[in-house]
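Trainee: heads up, no residue letters with this:
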């Protein structure tokens, strides 16, 4: 079950995805679906220009995903004491490596 955390913005994913360039939507959806597949404790916070995925209601975020014209930018945090890694995922890029990094971040974030 997809969980949505709201900090007062009341935006839905359907509202958000309308602002994403059409060519980026399938990639954005794939990344979103993968984040939710990591476990039942995944929650999302839909913000104005990006979506942040966290672990449980304490909302320790592990992925901050934002669309670009021809790519998706993902900031990945494994530990609150380290700077997030920033990855630019191209439309035709294989997602295997980024999925491993996302899984590792989800597993390590507390």
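Mentor: Cool, got the structure. Source: prediction; values computed, not measured. Numbers count the residues shown, from 1 in each chain.

Trainee: Return the distance of the helix or strand hosting residue 66 from the chain's centre.
Mentor: Using DSSP states H and E, the element containing residue 66 is strand 60-67. Here the centre of strand 60-67 is set off from its chain's centre by 4 Å, with C-alpha atoms, centre = their mean, to the nearest Å.

Trainee: C-terminal to that strand, which secondary structure element comes first?
Mentor: Past strand 60-67, further along toward the C-terminus, the next helix or strand under DSSP H and E is strand 71-76.

Trainee: Which elements pack onto that next one?
Mentor: Packing partners of strand 71-76 (3 or more C-beta pairs under 8 Å, 6 or more residues apart in numbering; DSSP states H and E): helix 25-37, strand 60-67, strand 85-90, helix 96-108. All C-beta spots, glycine's among them, are computed from the backbone N, C-alpha and C.

Trainee: tell me the angle of that strand relative to strand 85-90?
Mentor: Interaxial angle of strand 71-76 relative to strand 85-90 (axes from the mean of the first three to the mean of the last three C-alpha atoms, to 10 degrees): 160 degrees.

Trainee: Low-confidence ranges, this structure, go.
Mentor: Across the chain, the ranges flagged by pLDDT under 70 are 1-9, 57-59.
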